[in-house]
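# What would the 3D arrangement of this be:
(chains A, B, C and D)
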Protein chains: 2
Amino acid sequence: MTRQRELIYRIVTAAPEHRTAEEIYDLAREEIPSLARGTVYRNLGLLVQAGQIRKLEMDGAPARYDRDPLTHPHLICQRCGRVEDLTMPEALLAPLAEDLGEPITGYELKLYHICPACRG
Amino acid sequence: MTRQRELIYRIVTAAPEHRTAEEIYDLAREEIPSLARGTVYRNLGLLVQAGQIRKLEMDGAPARYDRDPLTHPHLICQRCGRVEDLTMPEALLAPLAEDLGEPITGYELKLYHICPACRG
DNA sequence: TAATCAATTAGGAATCAATCCTAAAAGAGG
DNA sequence: CCTCTTTTAGGATTGATTCCTAATTGATTA
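The predicted structure follows:
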């Protein structure tokens, strides 16, 4: 485990923020100024593959990273892009999956709103 | 309404397929060979804005376009990317939105599976 | 039908997040 | 400290999408 990967992991998991790779890159360079962008992307990918964090694709905006690797819905501000985690009663989704008669390998539920800060 | 936009609209709405801009571009050029890629993107954007079709962002793959502009969940094959429309009992989602005490402006639910064709 | 003005097009350049490449540097294990 | 493997920095590249511009088309009114 290199210094770089540890730092990147720490930044993603330290706060509930769902940061973009660029934001993580900026924060990480405060500690390792020589850090390369490619290193951030590669390590984020590895951490996702290892199931330690989660990648959230963002509809026409850079992806964000979630410290919680478990599947759960997100509440997303349409204006500023801020993401909040939601806890989903699994029971809610189960009936839908059953109706399909198809094995579901995963899901992604995004709810959109305008966050209090953006409502002004 | 130009020939180009009409053609693009026709291609998206004629079939239940959820095609990418590139696929639409290829199909459209069978009828208007001089059609430019930029024209496809611009018109798709305008049709989305007009609420006539819907854009589906695809997690690390080119976006796809849905002839049904109304919000509904999608069933997506993880291997080949094929998309199927689902009909969502609105009742299922309502309780979630209520719990938030926040006005929800929209949602996006994607269910993932391996489609029969890819299962082989 | 012609004149006019706005909207749209083709074509290509530019953007931007993300990936890939390579030689150099750092971890891990003995 | 030696060797071998992994990882890094830095920059080039990719690929979907957007943007730019001059030329064309469409719609409207005369």
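# all contacts plus neighbour counts: C-alpha atoms, from now on.
Noted.
# Around DNA strand C, which positions in chain A sit nearby?
For chain A, the residues in contact with DNA strand C (C-alpha under 7 Å from any atom of the strand) are A:1-3, A:20-22, A:37-38, A:41-42, A:45, A:57, A:61-63.
# The closest residue to residue A:14 other than its chain neighbours: neighbour count?
Computed as C-alpha to C-alpha, 6 or more residues apart in numbering or on different chains, the closest residue to residue A:14 that is not its neighbour in sequence is residue A:67, at 7.9 Å. By the other C-alpha atoms under 10 Å in any protein chain shown criterion, the neighbourhood of residue A:67 contains 21 residues.
# Return the subset of the residues of chain A next to DNA strand C lying in strands.
Applying DSSP state E to these, the entries found in strands are residue A:20.
# of the residues of chain A next to DNA strand C, list those near chain B.
The residues of those that also fall near chain B, by C-alpha under 8 Å from any C-alpha of the partner chain, are residue A:57.
# tell me how far the ends of stretch A:31-43 are from each other?
16 Å (C-alpha to C-alpha, to the nearest Å).
# Need the residues that contact that stretch.
A:4-5, A:8, A:21-22, A:24-25, A:28-29 (C-alpha atoms under 8 Å, 6 or more residues apart in numbering or on different chains).
# ok, back up a step: quick one, which of the residues of chain A next to DNA strand C are buried?
By neighbour count, with 16 or more other C-alpha atoms under 10 Å in any protein chain shown, those hold A:20-21, A:41, A:57, A:63 as buried.
# Greatest separation within these: which pair is it?
A:41 and A:57 (13.8 Å; C-alpha to C-alpha).
# Between these two, which contacts overlap?
Listed contacts common to residue A:41 and residue A:57 are nil; contacts here mean C-alpha under 8 Å, 6+ apart.
# which residues sit against stretch A:5-23?
Contacts for stretch A:5-23 (C-alpha under 8 Å, 6+ apart): A:24, A:27-28, A:37, A:40-41, A:43-44, A:47, A:53, A:62-68, A:82-84.
# what residues are up against the residue nearest to residue A:14?
Residue A:67 touches A:12-16, A:18, A:52-54, counting by C-alpha under 8 Å, 6+ apart.
# Which ones among the residues you listed map onto helices?
Secondary structure from DSSP state H places A:12-14 of the contacts of residue A:67 in helices.
# mind listing what the residue lying closest to residue A:58 once chain neighbours are set aside touches?
Spatially, and ignoring its direct neighbours in sequence, residue A:58 is nearest to residue A:64 (7.0 Å; C-alpha to C-alpha, 6+ apart). Residue A:64 sits next to A:18-21, A:55-58 when contact means C-alpha under 8 Å, 6+ apart.
# can you redo the residues you listed as a markdown table with distance to residue A:120 and pLDDT?
Output for the contacts of residue A:64, formatted as a markdown table (distance: C-alpha to C-alpha, whole Å; pLDDT from 0 to 100):
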| residue | distance to residue A:120 | pLDDT |
| --- | --- | --- |
| A:18 | 22 | 98 |
| A:19 | 22 | 98 |
| A:20 | 24 | 98 |
| A:21 | 28 | 98 |
| A:55 | 29 | 98 |
| A:56 | 26 | 98 |
| A:57 | 27 | 97 |
| A:58 | 23 | 96 |
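# Let me know the closest of those residues to chain B.
residue A:57 (5.7 Å; C-alpha to the nearest C-alpha).
# wait, isn't that closest one in contact with residue B:59?
Yes: applying C-alpha atoms under 8 Å, one finds residue A:57 in contact with residue B:59, separated by 5.7 Å.
# Sketch out the low-pLDDT regions of chain A for me.
A:89-91 (pLDDT under 70).
# Mark out where each domain of chain A begins and ends.
For chain A, automatic domain parsing gives the domain ranges A:3-66, A:74-119.
# Much appreciated, bye for now.
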